[in-house]
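> Structure, please.
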Amino acid sequence: MQGTTSRRIVILGGGFGGVFAAKQLQARAGSDVDIELISRNNFFVFQPLLSEVAGGSIQPADAVSPLRLFLPGVRVRVAEIRKVDFSAKTVHVTVGRGDEITTVPYDQLVIALGQIVDLSRTPGLSDRAFVMKDVMDAFRIRNHVLQCLEDADETTDPVRKSRLLTFVVIGGGFTGVEVIGEVQDLIGKSLKYYRNIRSDEIRIVLIQHGPGILPELPDHLAEYATDKLRRRGIEMLLNTGVNSASVSGVETDGGDTIDAETIIAAIGNAPSPLVRSLPIELDRGKIVVDRCFRVQGLDDVWALGDNAHIPLGEPGDPKVAYAPPLAQFAVREAKVLAQNVLAHLKGDTPKAFEYRSMGTMASLGARTGVADILGVKITGFFAWAAWRLFYLSLLPSVATRIRVAMDWLLDLVVSRSIAEIRATQAASRYIRFLAGDLVIEPGVDPGGLYVVISGAFDSEMPEADQSRTLGPNTCFGMAIGGEAGSDQERITAREDSTVYFVEKSDLERLAMVSALIKQGDGTKESARSDAKGKPDRDSPS
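Okay, here's the model as predicted:
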């Protein structure tokens, strides 16, 4: 065995790969091995349950587990990872609001940072769409759907009502299919409380770039899922991409526009900026590793999970498959990686990762699902039940399993809560408009100030018979101090345009700060004048 100086294992990332690697290492390592996990949050998000949070069938707190509770004996550091120095074998992190920089040394490093969502390739989508990466993302979707129902129940404008009741999900993989099923369940179980909304006014659209949904499943199971969702009224736009998104909806690559208040993007997985910055080889945005999880060219650095390109055969084989980004794979990867890291510390030879999938499953909502379990194909209720039992078994603690099981049991016998708890979000933001979009209409509070970044807008005041064109570096809506402008102005986008919207409360704060600055400048100027008017003490009188 090597000395104690080579027994500090640092794990980057608190997702499936990182958390289960830490747990496996702690279970196998001796007392002379220190294990530290660095994560942005002090909890582990069980991502397969996020669609259920979005649909309101389980509580947000039940989809997360505290890291310190789940990983006894592991040093958990809640921090933002800024830099990895492979030559110095250190990780630079910032801790706390003061951005205090801390250097964490390591002897063995495990990279399990997962992936981020990058929607920047589609104009307007990152500003407009909800994503499904964290528990708060799912909770925001739930509350937004309920807010749309509330607003649609009150509005008398049929166009606005149609937009409020149109829900678009982009991406037909596991995440997209499961979230669209849960959102439809939430809407269906809530409609009885909204007298002014009919079920035939609800429009739910799934946009999939490929020829079919759930490409990871056998064809006949994917076809079953497609047929089941269509029978429930979900529109399927296959072989369809999204060109852009705006405040009014999405534009497909076929030129069609779907007016929708709700856009959920289940696409766009990409490497994190930190992974891209590392001086290591990437393949399709993932870290290149060998079959033992060792990063190419570095004997003391390992990677697993979504951020690793893990071969399931000889890398030189052109037909070699790679580990998919699934929870069951990450759990098994963690076990083998832990064995290999400890074997490396002892000077033993690590073993190659081999894993035969137990199958794949997807929940379709409405107590139906599809599953391929060890070659056995199951559909309907039993597949849905198998999906729930499988993920219940993977939950990280007995307490979490009990809470989730109770949530599911209660969902079978009682109504889902329709309490809309609005999550705090940035009010001032960039907004993209498509040509022809109505931005401000007469008699409606604009809500804030619009600063034109690009494009052009038409301003019309019918009663005064006035019109003008507003281009970049101009603004409309409320005044800087938060005062309302003309209530007869109608603003439409002349072309595809982007504005920065400053919400009313932010305008009021800016006006207050501006007044304080002016007051301070006035005080300074007054002091300078007084100083000029006074004689120098040392000068003769």
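
> Name the surrounding residues that touch the strand or helix carrying S65.
Remark: S65 resides in strand 64-66, with elements defined by DSSP states H and E. Defining contact as CB atoms under 8 Å, 6 or more residues apart in numbering, one finds that strand 64-66 is touched by 42-46, 135, 395-397, 400. C-beta coordinates here come from the backbone N, C-alpha and C atoms, glycine included.

> Report the buried residues of it.
64-65 (16 or more other CB atoms under 10 Å).

> Same check on stretch 297-309?
Result for stretch 297-309 [16+ other CB under 10 Å]: buried residues 300-309.

> Can you add pLDDT, secondary structure and distance to I453 and give these back as a markdown table?
Listed next are those as a markdown table, based on pLDDT from 0 to 100; DSSP: H, G, I helix; E, B strand; the rest coil; distance: CB to CB, whole Å:
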| residue | pLDDT | secondary structure | distance to I453 |
| --- | --- | --- | --- |
| D300 | 96 | coil | 47 |
| V301 | 98 | strand | 42 |
| W302 | 98 | strand | 44 |
| A303 | 98 | strand | 39 |
| L304 | 97 | coil | 41 |
| G305 | 95 | helix | 38 |
| D306 | 94 | helix | 34 |
| N307 | 96 | helix | 34 |
| A308 | 96 | strand | 38 |
| H309 | 95 | strand | 38 |
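
> ok, so of these, who is nearest G181?
Nearest to G181 among those is D306, at 23.0 Å by CB to CB.

> dump the residue contacts of the closest one.
15, 17, 114-115, 269, 286, 325, 330.

> Neighbour-wise, give me the winner out of the residues you listed.
Most neighbours among those, by other CB atoms under 10 Å: G17, with 31 neighbours.

> can I assume that one is in contact with F329?
No - between G17 and F329 there is no contact under CB atoms under 8 Å: 9.2 Å.

> from the contacts of D306, which ones fall inside helices?
Members of the contacts of D306 lying in helices (criterion: DSSP state H): 17, 330.

> if we can go back for a sec, output the buried residues of stretch 297-309 as a markdown table; include the columns distance to F457.
Output for these, formatted as a markdown table (distance: CB to CB, whole Å):
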| residue | distance to F457 |
| --- | --- |
| D300 | 57 |
| V301 | 52 |
| W302 | 53 |
| A303 | 48 |
| L304 | 50 |
| G305 | 46 |
| D306 | 41 |
| N307 | 42 |
| A308 | 47 |
| H309 | 46 |
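
> Show me the two of those residues that sit farthest apart.
D300 and D306 (21.8 Å).

> so where is the stretch 51-200 of the chain shaky, pLDDT-wise?
Where the stretch 51-200 of the chain drops to pLDDT under 70, the residues are 97-99.

> again, 90 this time
95-101, 127 (pLDDT under 90).

> ok, of the buried residues of stretch 297-309, which one's closest to F70?
Using CB to CB, these come closest to F70 at G305, 16.6 Å.

> wait, isn't that closest one in contact with L12?
No - using CB under 8 Å, G305 makes no contact with L12, being 10.6 Å away.

> hang on, the earlier thing: which ones among the contacts of D306 lie within strands?
Counting by DSSP state E, the part of the contacts of D306 found in strands is 115, 269, 286.

> list the contacts for the first one?
The one in question is Q115. 269-272, 285, 306-307, 325.

> from those, which single one is nearest I421?
Using CB to CB, those come closest to I421 at N269, 28.3 Å.

> Kindly provide the distance from the residue nearest to the closest one when sequence neighbours are not counted to Q47.
Nearest non-adjacent residue to N269, counting by CB to CB, 6 or more residues apart in numbering: Q115, 4.5 Å away. As judged by CB to CB, to the nearest Å, Q115 and Q47 stand 11 Å apart.

> Not counting sequence-adjacent ones, nearest residue to F43?
Closest to F43 by CB to CB, 6+ apart is V64, at 4.3 Å.

> cool, and L298?
Closest to L298 by CB to CB, 6+ apart is F86, at 6.2 Å.

> Wait, that neighbour touches G297, no?
No - using CB under 8 Å, F86 is not in contact with G297, being 9.3 Å away.

> Could you check how far the residue nearest the centre of the chain is from S417?
For the chain, the residue nearest the mean C-alpha position is K133 (3.3 Å; CA atoms, centre = their mean). For K133, the distance to S417 (CB to CB) stands at 24 Å.

> Find the residues that touch each one of G305 and L12.
With CB under 8 Å, 6+ apart, G305 and L12 have common neighbours 18, 112.

> by contact count, what packs against the helix or strand containing L364?
Taking DSSP H and E as the definition, L364 sits inside strand 359-365. Applying 3 or more CB pairs under 8 Å, 6 or more residues apart in numbering; DSSP states H and E, one finds that strand 359-365 contacts helix 174-190, helix 219-231, strand 368-373, helix 381-394.

> Please name the strands paired to that strand in the sheet, noting orientation.
strand 368-373 (antiparallel) (DSSP bridges).

> contact partners of the strand it pairs with?
Applying CB under 8 Å, 6+ apart, the set of residues contacting strand 368-373 is 214, 217-218, 221-222, 224-225, 228, 358-364, 377-381, 383-387.

> Where do the helices of this protein begin and end?
For the chain, applying DSSP H gives helices covering 16-28, 50-55, 67-70, 125-128, 135-154, 158-164, 174-190, 219-231, 273-277, 327-346, 381-394, 398-413, 504-533.

> Report all helices and strands that the third one contacts.
Pointing back at helix 67-70 there. helix 16-28, strand 43-45.

> from the middle of its chain, how far away would the last one be?
For strand 43-45, the gap between its own C-alpha mean and the chain's C-alpha mean amounts to 14 Å (CA atoms, centre = their mean, to the nearest Å).

> Give me the mean pLDDT for that strand.
Per-residue pLDDT over strand 43-45 has a mean of 95.

> and it, what does it pack onto?
Using 3+ CB pairs under 8 Å, 6+ apart: strand 43-45 touches strand 64-66, helix 67-70.

> One more pass at 10 Å, please.
Applying 3 or more CB pairs under 10 Å, 6 or more residues apart in numbering; DSSP states H and E, one finds that strand 43-45 contacts helix 16-28, strand 64-66, helix 67-70, helix 135-154.

> hmm, back to that, between G17 and F329, which contacts overlap?
304-306 (CB atoms under 10 Å, 6 or more residues apart in numbering).

> and which of these is nearest to R121?
Of the shared contacts of G17 and F329, the one sitting nearest to R121 (CB to CB) turns out to be D306, at 19.0 Å.

> Roughly how far does the closest one sit from A321?
Applying CB to CB to D306 and A321 gives a distance of 16 Å.

> burial of A334, as a residue count?
Neighbours of A334 using other CB under 10 Å come to 26.

> Quick one: low-confidence residue ranges for the stretch 351-500 of the chain.
Residues of the stretch 351-500 of the chain that meet the cut-off, pLDDT under 90, sit at 354-359, 374-375, 394-400, 411-417, 420-432, 434, 436-438, 441-448, 461-467, 478-489.
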